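Asks: Prediction below, plus the sequence it came from.
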Amino acid sequence: MKLTLYFFSVLVLSAFFAGSVNAGDFMVYPAQGQSEDQTEKDKFECYTWAKNQTGFDPMKTPTTSKAPPPKEKETWGAGKGAVGGGLLGAGTGALIGGRKGAGRGALIGAGGGAVVGGIRRSDQKRREQQRRQQWEQEETQKYMRSRSDYNRAYSACLEGRGYSVK
């Protein structure tokens with residue numbers, strides 16, 4: 001649910017800042033002296049026609065065309081890396097230097113494991129974030145293309161009925 005709300009927030013803000021125009025935000029002038037009632041009727045008919053032509057409805061809440069990218073299986077972070085490195089270091093140190101070697105090996109292994117585990121987890125989070133951002137950009141661009149197509153169709157319909165549309 002939070003993911004969906006986050007995407008819609010990004011999409012709405014993107015549309016707002018990109019200069020997207022709502023159907024009601026067009027400036028429509030009855031260039032041939034159409035009445036107010038006729039203008040409203042024509043606006044609704046053009047809304048319906050543009051929606052049917054493009055498959056885009058500006059009155060509907062935006063949705064995504066595909067699911068967001070899945071998260072990767074979580075890699076070992078610094079904590080698990082330290083434990084694993086410590087165990088490996090202790091075992092290696094014990095083989096090489098006995099009890100003293102085991103203690104030193106555990107410390108060295110734990111430090112190294114923590115660093116390597118932290119780096120791996122950080123890289124994984126960065127990759128996931130990049131995939132997420134790419135997905136959001138693709139979905140936003142698709143929405144903006146559909147919106148632009150709708151706006152062109154809506155304007156063409158009204159202009160064909162004798163209105164000036166800006």
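Replies: Sure, I can see it.
Asks: the strands in the protein, which residues?
Replies: Assignment of strands within the chain using DSSP state E yields the ranges 28-30, 163-165.
Asks: For those strands, give me TSV that also has mean pLDDT, distance to I119 and mean neighbour count.
Replies: No exception for glycine: its C-beta is placed from N, CA and C like everyone else's. Putting the strands of the chain into TSV (pLDDT from 0 to 100; distance: least, C-beta to C-beta, whole Å; neighbours: other C-beta atoms under 10 Å) gives the following:
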stretch	mean pLDDT	distance to I119	mean neighbour count
strand 28-30	94	58	17
strand 163-165	95	56	17
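Asks: pLDDT weak spots in the protein?
Replies: Within the chain, the stretches falling below the threshold (pLDDT under 70) are 1-24, 71-118.
Asks: surely Q53 meets N151?
Replies: No. Using C-beta atoms under 8 Å as the test, Q53 is too far from N151 to be in contact (11.7 Å).
Asks: Quick one, which of the strands of the chain gets closest to K43.
Replies: For K43, the closest of the strands of the chain is strand 28-30, at 6.5 Å, according to C-beta to C-beta.
Asks: Pull the residues that contact that closest one.
Replies: With contact meaning C-beta atoms under 8 Å, 6 or more residues apart in numbering, strand 28-30 is reached by 38-39, 43, 158, 162-166.
Asks: Which of those sits closest to Q130?
Replies: Set against Q130, the nearest of those by C-beta to C-beta is K166 (39.6 Å).
Asks: Tell me, how many residues neighbour the nearest residue to the closest one once chain neighbours are set aside?
Replies: Distances taken as C-beta to C-beta, 6 or more residues apart in numbering place M27 nearest to K166, at 4.4 Å, with adjacent residues excluded. When neighbours are defined as other C-beta atoms under 10 Å, M27 has 9 of them.
Asks: how near is M27 to Y163?
Replies: For M27, the distance to Y163 equals 10 Å [C-beta to C-beta, to the nearest Å].
Asks: for A31, same thing?
Replies: Remark: distance between A31 and Y163 (C-beta to C-beta) = 6 Å.
Asks: now swap in R121 and tell me
Replies: From R121 across to Y163, the span is 59 Å (C-beta to C-beta).
Asks: Equivalent analysis for A156, please.
Replies: Using C-beta to C-beta, we find A156 at a distance of 11 Å from Y163.
Asks: Tell me if I'm right that Y47 and Y154 touch.
Replies: Yes. Checked against C-beta under 8 Å, the pair Y47 and Y154 is within contact range at 6.5 Å.
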